[in-house]
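Peer 1: Quick one, what's the 3D model for this:
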Amino acid sequence: MSKTIQIQNKRCKLSANCFSIHAYHKSLVFTVALFSACFFSAIAEESVLQSMEREFQAIVKSVQPSVVEVVATCTVTTQKISESQKALLADDSTEVFRYENIGSGIIINSAGHIVTTAGVVENADEIEVLFANGECTAATLFGVDTLTDIAVLSVENSYLPQTKIGDSDQIHTGSWVITVGSSYGHSPTVSFGTVSGLEILPTRPFYDAIRINASVNPGNSGGAVVNTSGEVVGIIAAKMEDPYLKQITQWLNSPTLELSQRQATMPNAGTHFGQIWTRSEIGFAIPINTVKQVAEQLAQHGKVSRGWLGVWLEQEQERTTDVGVRVTRVADGSPAHKSGIKHQDVIVEFKGKPVRTFLDLKKQVASFPPDTRVTVKIYRDGQFLLREVVLGNRE
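Peer 2: Residues are numbered from 1 along each chain as shown. The predicted structure follows:
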């Protein structure tokens, strides 16, 4: 009986040992498998990052030849001022200053047309274009459209690389973009970011500006905004600084006591101080589809023709209607007046598209050439009416 018990005990110990060894091996195998998975995952992740890096480098390399540096030389004549009396001296006491505006531009076709922003070449006496290969060529100003801040230059140069033009209508919030522009140094500046939205700017209500969070540096104006396919989808137009940025800069250069006093008079100072360091500027770009349309008209006619309705509209801060925009005045003899649109009418649709804000309507009207016949839907005295309008020419 005791032998049987001893044998059973030995079997139990042997079984337990086997189970222990088996469990150990399973644990070891699992650990090795987990380590291998993490190791190869890390390698794979690094490979993905390196692949992305190479892709971005390839995009920048392909776009750089299409981006040029634009140097506009301007002359300003000013009248001398008496330092003692702070008064103007004789008419013949003048000083002449020459300065340079440096910006960027994009080659848009093989005909030698280059687009840049109007601010770069404004009041220029001479314009030169520096290409990526180092060649420098004199440029002629073809035309300027101040309403969109677009200017077209013309150059004669054998070095005109082909630029890949994309479709800016395919750019949406969250899209990745690369900006390429000239700088005040010898090398172009490149930055990477995302599209944070589309916005109609009050000073440029004729297109949906692309809002980008990529860095915009001095000299970048007129540079390229490129998608992940290496296509130009916009040109860098402007940046908006935080309204408190300049105040903060001035205050930081002031004595400590004066700074403390000014902080005390600033509303919500703590909140705005926090915003300054996290959001100091927003970059905007002009969609390339708008650039192409404007450039074609400037190249062909030297100006851009836009539709005109002839109404004054209720501003956003004065809004009294949830849908559409209210007409506050109608110009005599205007297309709106001839079609029967009246004071206090609410325009809810323009050529089949809903009207949400007064900026939205301005953009829609300007998107059509003069003499275009459109249907305008209005709301008056509790009912919807349709009016046929032949657009005039916006001067």
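Peer 1: just the helices in the protein please.
Peer 2: 2-63, 118-121, 245-252, 256-265, 269-278, 288-301, 335-339, 358-366 (DSSP state H).
Peer 1: what's the least confident stretch among those helices?
Peer 2: Among those, helix 269-278 carries the lowest mean pLDDT, a mean of 35.
Peer 1: mind checking pLDDT for Trp176?
Peer 2: 94.
Peer 1: same deal with the one 10 residues further on?
Peer 2: Note on His186: pLDDT of 61.
Peer 1: same check, this time on Thr140
Peer 2: Reported pLDDT for Thr140: 94.
Peer 1: Measure how buried the residue nearest to it when sequence neighbours are not counted is and give me the count.
Peer 2: Counting by Cβ to Cβ, 6 or more residues apart in numbering, Ser154 is the residue found nearest to Thr140 once chain neighbours are left out, at 4.7 Å. Heads up, the C-betas are built off the backbone N, CA and C, glycines and all. Ser154 sits with 16 neighbouring residues when counted by other Cβ atoms under 10 Å.
Peer 1: so who does Ser154 touch?
Peer 2: Ala111, Gly112, His113, Ile114, Ala139, Thr140, Leu141, Phe142 (Cβ atoms under 8 Å, 6 or more residues apart in numbering).
Peer 1: Any idea how many residues pack against the last one?
Peer 2: Translated: Phe142. 18.
Peer 1: and it, how far is that from Tyr159?
Peer 2: Remark: distance between Phe142 and Tyr159 (Cβ to Cβ, to the nearest Å) = 19 Å.
Peer 1: Now do the same contact list for Glu128.
Peer 2: Contacts of Glu128 (Cβ under 8 Å, 6+ apart): Val70, Val71, Thr73, Cys136, Thr137, Ala138, Ala139.
Peer 1: So what sits opposite the third one in the bridge?
Peer 2: Right, Thr73. Beta-bridge partners recorded for Thr73 (DSSP bridges): Glu100, Glu126.
Peer 1: so it touches Ala124, yeah?
Peer 2: Yes - contact criterion Cβ atoms under 8 Å: Thr73 and Ala124 qualify, at 6.4 Å.
Peer 1: Can you pick out the residue with more neighbours from those two?
Peer 2: Using other Cβ under 10 Å, the more surrounded residue of Thr73 and Ala124 is Ala124, with 20 against 13.
Peer 1: Can you give me the pLDDT of that one?
Peer 2: 92.
Peer 1: do the same with the one 4 residues further on
Peer 2: For Glu128, the pLDDT comes out at 95.
Peer 1: nearest residue to it other than its sequence neighbours?
Peer 2: Nearest non-adjacent residue to Glu128 (Cβ to Cβ, 6+ apart): Val71, at 4.7 Å.
Peer 1: who are the neighbours in contact with the one you found?
Peer 2: Taking Cβ under 8 Å, 6+ apart as the test, what Val71 contacts is Glu100, Asn101, Ile102, Ile127, Glu128, Val129, Leu130.
Peer 1: and which of these is nearest Ala237?
Peer 2: Asn101 (15.0 Å; Cβ to Cβ).
Peer 1: is it true that the closest one touches Asp125?
Peer 2: No - Asn101 lies out of contact with Asp125 (Cβ under 8 Å); the separation is 11.1 Å.
Peer 1: can you list residues touching both of the two?
Peer 2: In contact with both Asn101 and Asp125: Cys74, using Cβ under 8 Å, 6+ apart.
Peer 1: The two: who's more crowded?
Peer 2: Using other Cβ under 10 Å, the more surrounded residue of Asn101 and Asp125 is Asn101, with 18 against 9.
Peer 1: Next, work out how far apart that one and Val311 are.
Peer 2: Asn101 is 37 Å from Val311, by Cβ to Cβ.
Peer 1: What count of nearby residues applies to Gln170?
Peer 2: Residues near Gln170, counting by other Cβ under 10 Å: 12.
Peer 1: Can you give me the separation between it and Ile210?
Peer 2: 11 Å.
Peer 1: Over to Gln344?
Peer 2: 36 Å.
Peer 1: mind giving me the domain ranges of this structure?
Peer 2: 2-64, 66-154, 168-300, 307-393 (automatic domain parsing).
Peer 1: How about the contacts made by the residue lying closest to Gln64 once chain neighbours are set aside?
Peer 2: Ranked by Cβ to Cβ, 6+ apart and with sequence neighbours excluded, the top spatial neighbour of Gln64 is Ala132, at 5.3 Å. Residues in contact with Ala132, defined by Cβ under 8 Å, 6+ apart, are Gln64, Pro65, Val67, Val68, Pro161, Pro188.
Peer 1: which ones are touching the closest residue in space to Val226 that isn't next to it in sequence?
Peer 2: Among residues not flanking Val226 along the chain, Ile178 sits closest, at 4.6 Å (Cβ to Cβ, 6+ apart). Residues in contact with Ile178 (Cβ under 8 Å, 6+ apart) are Phe56, Ile59, Val60, Val63, Val190, Ser191, Phe192, Ala214, Val225, Val226.
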